[in-house]
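K.L.:
Return atomic coordinates for the entry below.
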Amino acid sequence: MSLLVHVLACCFGLGSWVAVNGLWVELPLIVNTLPEGWELPSYLTVIIQLANLGPLLVTVMHKLYPGRLRESAVIYSVLSIGVLACVLLAFFWDETTVVAAAPRSTVFFILTLFLALVDCTSSVTFLPFMMQLPAHYITTYFIGEGLSGFIPGLVALGHGVGMAKCLNGTQSSGNLTEKDMYIVFFFFLAAMMCISLVAFSALNRFPRSFELSTENLESGQLAFIYFMVVCVNGATNGLLPSVQTYSCMPYGNLAYHLSAVLVSCANPVACIVALFFPKRSLVFLGVLCLLGSIFGGYNMAMAAMSPCPVLQGSALGETIIVLSWVFFTGTLSYVKVMVGVILRDKSHSALVWCGAAAQTGSLLGSVIMFPLVNVCNLFESGDFCNTRCPL
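P.N.:
Numbering: from 1, shown residues only. So this is what the prediction gives:
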């Protein structure tokens, strides 16, 4: 029975961010297809944060009407919406309309908003729901959440995302333009959300076993934890994703693709490390935050230097930028997991506010970066096949 619950908790976690993570790992191809180009990630980060209306409503309901909100009904609803949105994306993702005399990916943006509504709301519903299970299952849930990026990354790798080549000064993607590939990929995302829905339905039938708080945190410690949650999620979900194309694309499509896929690997690996080597020390977690910020600073610096970052055109430069993204994500993912474990032992409301803090940080990061990318144009795109940088 214990193994079954672990499997179900992992499968349930798959649905938390699988849709948005799936879009991110597909971006190395999508940015070369949709009219927004390299600016597409910054648009997506803002659209995803607009979906914070969902967790905001859930948090307000918990505050004003404690105990009245049925989390199970919310989870059933958002997962069903996610399945439908993925199916619609399979057929209409590349439809454009003219807005302000320019083609825009309107359908893609609208459906992404619905997917983001699912994933953002999961931050304040999925994790608190796990309170009904013993504490050791929450790390398994985080492993599933990490796999929600890793598994789509493997599928994207299988159909060749990011393997475009330069031929006669232009990028050739081979069979990557075949629409069937997108249909299969988005239906695959829908299937993963169905698996999450089935797993949740099974978990929801288990007897509830809420445990008393075992974590005594002073108000200062609690404030520091929430501050870490805001900063970590601001960096991983808002600040850095907005400029990942500018950070990696100058090194080539392969570097961009490897960074997207390996970053999705770093997340579940960090969760597994946290499962076997949990470290609750707030000092240690603070040091990890600082270390992750250093890697994030390097990524941001390379984005600011686009299209001619340090070591552009060399294997060493490609290796460093990919590893920097991997360590940036891995260190901060470990912090996320351990914060969740600590707050799970505190109370149900602590997990709800943890989700709210995570979405607040993500929103702040996106709001900061969008004008810098799209209004101030501080980051410059380039053509990997034709850009010539000074030695």
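
K.L.:
going forward, measure contacts and count neighbours with C-alpha atoms only.
P.N.:
Fine.

K.L.:
So Pro307: helix, strand or coil?
P.N.:
Secondary structure state of Pro307, per DSSP: H, G, I helix; E, B strand; the rest coil, is coil.

K.L.:
Provide the backbone phi and psi angles at it.
P.N.:
Main-chain torsions, Pro307, degrees, to the nearest 10: phi -90, psi 10.

K.L.:
That one is in contact with Glu380, isn't it?
P.N.:
Yes. Applying CA atoms under 8 Å as the test, Pro307 and Glu380 come out as touching, 6.2 Å apart.

K.L.:
out of these two, which sits in the more crowded spot?
P.N.:
Taking other CA atoms under 10 Å, Pro307 and Glu380 do not tie; Pro307 has more neighbours (24 against 15).

K.L.:
What does the pLDDT read for the more buried one?
P.N.:
At Pro307, the model reports a pLDDT of 87.

K.L.:
Pull up the overlap in contacts between Pro307 and Glu380.
P.N.:
Tyr246 (CA atoms under 8 Å, 6 or more residues apart in numbering).

K.L.:
List the buried residues for stretch 295-309?
P.N.:
For stretch 295-309, a neighbour-count test (16 or more other CA atoms under 10 Å) marks 295-300, 302-309 as buried.

K.L.:
Return the closest of those residues with respect to Leu89.
P.N.:
Ala303 (29.5 Å; CA to CA).

K.L.:
Any chance you could give me the helix or strand the closest one falls within in PDB, C-alpha atoms only?
P.N.:
Ala303 belongs to helix 282-304 when assigned by DSSP states H and E. Output of helix 282-304 as PDB, limited to C-alpha atoms (Å, rounded to 0.1, in the frame of the first residue of the first chain):
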ATOM      1  CA  LEU A 282      17.700  27.600   7.400                       C
ATOM      2  CA  VAL A 283      21.300  28.800   7.200                       C
ATOM      3  CA  PHE A 284      22.100  26.000   4.800                       C
ATOM      4  CA  LEU A 285      19.100  26.800   2.700                       C
ATOM      5  CA  GLY A 286      20.100  30.500   2.700                       C
ATOM      6  CA  VAL A 287      23.500  29.600   1.400                       C
ATOM      7  CA  LEU A 288      22.000  27.500  -1.400                       C
ATOM      8  CA  CYS A 289      19.800  30.500  -2.300                       C
ATOM      9  CA  LEU A 290      23.000  32.600  -2.600                       C
ATOM     10  CA  LEU A 291      24.800  30.000  -4.700                       C
ATOM     11  CA  GLY A 292      21.800  29.600  -7.000                       C
ATOM     12  CA  SER A 293      21.700  33.400  -7.300                       C
ATOM     13  CA  ILE A 294      25.300  33.400  -8.500                       C
ATOM     14  CA  PHE A 295      24.500  31.000 -11.300                       C
ATOM     15  CA  GLY A 296      21.400  33.000 -12.100                       C
ATOM     16  CA  GLY A 297      23.500  36.200 -12.200                       C
ATOM     17  CA  TYR A 298      25.800  34.600 -14.800                       C
ATOM     18  CA  ASN A 299      22.900  33.600 -16.900                       C
ATOM     19  CA  MET A 300      21.400  37.100 -16.800                       C
ATOM     20  CA  ALA A 301      24.800  38.600 -17.600                       C
ATOM     21  CA  MET A 302      25.100  36.400 -20.800                       C
ATOM     22  CA  ALA A 303      21.600  37.500 -21.800                       C
ATOM     23  CA  ALA A 304      22.500  41.100 -21.400                       C
END
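
K.L.:
For that helix, what is the distance to the chain centroid?
P.N.:
17 Å (CA atoms, centre = their mean, to the nearest Å).

K.L.:
now for that helix, which elements pack on it?
P.N.:
Helix 282-304 sits against helix 219-234, helix 244-248, helix 315-344, with contacts defined as 3 or more CA pairs under 8 Å, 6 or more residues apart in numbering; DSSP states H and E.

K.L.:
Of the ones you listed, which shows the lowest average pLDDT?
P.N.:
Looking at the helices and strands packed on helix 282-304, the weakest mean confidence is helix 244-248, a mean of 88.

K.L.:
For the helix or strand just after it, enumerate the helices and strands it packs against.
P.N.:
On the C-terminal side of helix 244-248, the closest following helix or strand by DSSP H and E is helix 253-276. Here helix 253-276 is seen to pack against helix 2-30, helix 137-158, helix 244-248, helix 315-344 when contacts are counted using 3+ CA pairs under 8 Å, 6+ apart.

K.L.:
For those helices, give me CSV that also has mean neighbour count and distance to Val230.
P.N.:
Output for these, formatted as CSV (neighbours: other CA atoms under 10 Å; distance: least, CA to CA, whole Å):
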stretch, mean neighbour count, distance to Val230
helix 2-30, 23, 18
helix 137-158, 24, 18
helix 244-248, 28, 20
helix 315-344, 22, 10
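
K.L.:
which one of these lies closest to Ala356?
P.N.:
Closest of the helices and strands packed on helix 253-276 to Ala356 is helix 315-344, at 12.5 Å (criterion: CA to CA).

K.L.:
Show me what that closest one packs onto, helices and strands only.
P.N.:
Using 3+ CA pairs under 8 Å, 6+ apart, the elements in contact with helix 315-344 are helix 137-158, helix 219-234, helix 244-248, helix 253-276, helix 282-304, helix 348-374.
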